[in-house]
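**Q** what shape does this take:
(one chain, ligands or ions: 1)
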Amino acid sequence: MAKKRPSLTVGVLLLLFGASAFCAHNERYRPQFHFSPRTNWTNDPCGLVYAFGKYHLFFQHNPFANRWGHMSWGHAVSTDLVHWSQLPVAIPEGKKVAIFTGSSVFDRKNTSGLCKSKQGCIVSIYTGETPKTAGTPERQTQNLAVSQDGRTWTKYADNPVLDLGRGDSRDPKVFWYAPAKRWIMVIVLANERKVSIFSSPNLKHWHHESDFGPQGATRGVWECPDLYSLPVPGHTGETRWILKVGLNPARVPGGSGEQYFIGRFDGTHFRNDNPSGDIHWLDYGRDSYCELTFNNEPKGQTPRMIGWMDNWDYAGVAPTLPWRGAMTLPKALSLAEVNGSLALVQKPVEQLRSLRGDAFEYEGANEADLNRKVAAWPHRSQSFELDATIRLGAAKQIVWRLLQGKNDETLVGYDALKQELFVDRSHCANAHFSKAFPSRTTAPLKIGNGRLRLHIFVDRSSIEVFAQGGRIAMTNLTFPTPSSTGLSLDSSDEIGSIHLKISKLRSIWK
Ligand code: FRU
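**A** Down below sits the predicted model:
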């Protein structure tokens with residue numbers, strides 16, 4: 001029997017479908033090795049947990065539109081923290097209740113009584129937000145949803161599990177505190193610039209232990225707290241606790257940003273080791289917010305964190321379609337002693353190496369020679385990793401000109417006189433979609449023996465800089481012309497030497 005040929009309309013439809021499938025995750029500005037949802041809006045990551053053999057990333061998501069609203073938990077999974085598969089929405093908005101940021105735990109011992117099998121279950125703890133109406137004020141309560149399989153979630157029938165009668169208590173981060181055999185929850189009292197600490201034996205009944213704050217930076221409302229411990233280098237068995245909070249707005253040059261406190265936690269109270277006025281910024285760029293760590297990571301694994309790579313100042317008008325918002329790279333955390341005190345160190349996870357493709361290497365001191373060779377390198381793209389160690393020599397300033405085209409570029413540089421690292425995106429092609437976007441961000445950075453180490457990840461519309469092995473992190477969005485793949489080094493005077501490796505990074509999307 002002769003095969004029936006598809007009609008013209010079916011053919012056209014197939015062609016269109018084929019083309020759109022082919023284009024998935026390849027639109028203008030679309031990050032190639034960062035997670036972003038297929039379509040529509042995302043802000044904070046939430047509920048990060050390792051369970052049932054996978055890393056689960058949930059995210060504040062509007063399943064219906066490319067702007068904030070209908071807040072639900074979108075869901076993606078990964079086995080290596082690098083390649084992500086997006087799954088159906090895990091926790092959809094309720095009747096007039098939005099599902100705000102929170103966390104997930106793996107309830108291995110069924111302390112909640114909500115797990116149906118011996119293997120345990122995932123319990124997600126989220127803020128339910130009921131917006132203000134004519135007669136009632138806004139309400140934010142803490143709630144549970146349970147998953148027996150890591151794919152579908154059921155909201156707990158007796159929600160909420162914590163109701164403080166407030167409209168600014170949100171973003172629960174819950175974790176198991178082994179010494180007291182208790183779950184600990186930290187939430188913000190956003191308007192009071194406080195973190196409130198609770199404990200529970202079963203995730204359902206919560207006891208108030210203490211409040212921390214206001215301390216450090218207090219300009220904007222506090223959001224997205226996290227609390228975790230890290231080993232103190234050189235002191236076996238000693239740990240310090242990191243209490244991280246987002247604040248909006250944060251500081252010059254504006255918008256949302258985050259700070260952290262280093263101190264001690266005894267199961268009930270967090271005590272800051274530093275004077276209460278000290279401020280430690282988590283990231284000096286403008287596009288890192290609500291950075292949260294994973295729960296239930298395999299034993300011995302140093303905590304790893306992912307954030308929202310955006311800023312409340314302009315996220316709503318970012319020039320991307322059909323999605324808005326992406327996550328930062330996953331970063332491994334540790335402590336280091338810097339100038340006599342402890343500081344947080346962030347390093348992009350090693351698994352990213354699996355994406356490395358063609359590489360360009362250079363060792364020498366001849367900038368002109370280096371620039372000629374990079375210009376001739378046929379594998380320049382907008383998704384790459386640049387790892388450079390530079391001895392500054394006579395140079396008072398060095399600048400990497402990145403994503404460079406005829407009329408646009410983004411700069412990453414170091415000013416030795418001011419002892420300052422900087423990223424300047426004011427001359428990227430599309431800097432003026434929002435008045436708040438053009439900026440030059442800076443971070444104080446003293447470089448000991450004159451060696452500047454910059455590890456830079458460029459992914460079409462973002463630049464994440466890790467300086468001196470992760471002592472400084474600076475995350476910024478940038479919107480270049482898609483053909484702008486120019487790259488060069490520019491120094492004020494002769495540099496001492498440079499050791500450089502640029503690796504093209506493969507897309508994580510098929
Ligand atoms: C932080 C935040 C959270 C809140 C969520 C709502 O970016 O404002 O405090 O839970 O976003 O989407």
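**Q** tell me the residues of the stretch 201-350 of the chain that contact the ligand?
**A** With C-beta under 6 Å from any ligand atom as the criterion, the stretch 201-350 of the chain comes near the ligand at residues 223, 224, 289, 290. Glycine gets a C-beta too; all of them are placed from N, C-alpha and C.
**Q** those in strands, which ones?
**A** Judged by DSSP state E, these include 223, 224, 289, 290 as members of strands.
**Q** run a quick neighbour tally on the second one.
**A** The one in question is residue 224. 27 (other C-beta atoms under 10 Å).
**Q** got a list of what it touches?
**A** The contact partners of residue 224, by C-beta atoms under 8 Å, 6 or more residues apart in numbering, come to 44, 101, 171, 188, 244, 245, 246, 258, 289, 290, 291, 292.
**Q** can you rerun that using 10 Å?
**A** 44-46, 101-102, 170-171, 173, 188, 190, 244-248, 256, 258, 289-292, 307-308 (C-beta atoms under 10 Å, 6 or more residues apart in numbering).
**Q** what's the answer for the last one, then?
**A** The contact partners of residue 290, taken as C-beta under 10 Å, 6+ apart, are 43-46, 59-60, 101, 171, 223-226, 244, 246, 248, 256, 258, 306-308, 310, 327-328.
**Q** and what of the third one?
**A** The contact partners of residue 289, taken as C-beta under 10 Å, 6+ apart, are 43-45, 223-224, 246-248, 250, 255-258, 282-283, 307-312, 315, 328, 475.
**Q** which parts of the chain sit against the ligand?
**A** Counting by C-beta under 6 Å from any ligand atom, the chain sits next to the ligand at 43-44, 60, 71, 100-101, 127, 170-171, 223-224, 289-290.
**Q** same list (these) but as JSON lines, adding pLDDT.
**A** Listed next are the residues of the chain next to the ligand as JSON lines, based on pLDDT from 0 to 100:
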{"residue": "43", "pLDDT": "98"}
{"residue": "44", "pLDDT": "98"}
{"residue": "60", "pLDDT": "98"}
{"residue": "71", "pLDDT": "98"}
{"residue": "100", "pLDDT": "98"}
{"residue": "101", "pLDDT": "98"}
{"residue": "127", "pLDDT": "98"}
{"residue": "170", "pLDDT": "98"}
{"residue": "171", "pLDDT": "98"}
{"residue": "223", "pLDDT": "98"}
{"residue": "224", "pLDDT": "98"}
{"residue": "289", "pLDDT": "98"}
{"residue": "290", "pLDDT": "98"}
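**Q** quick one: name whatever helix or strand follows the least confident helix or strand in the chain by mean pLDDT.
**A** In the chain, no helix or strand scores lower on mean pLDDT, DSSP states H and E than helix 8-23, which sits at a mean of 45. Sequence order places strand 40-51 as the next helix or strand after helix 8-23, per DSSP states H and E.
**Q** from residue 421, how far off is the residue nearest to residue 361 when sequence neighbours are not counted?
**A** Spatially, and ignoring its direct neighbours in sequence, residue 361 is nearest to residue 501 (5.1 Å; C-beta to C-beta, 6 or more residues apart in numbering). Per C-beta to C-beta, to the nearest Å, residue 501 is found 20 Å from residue 421.
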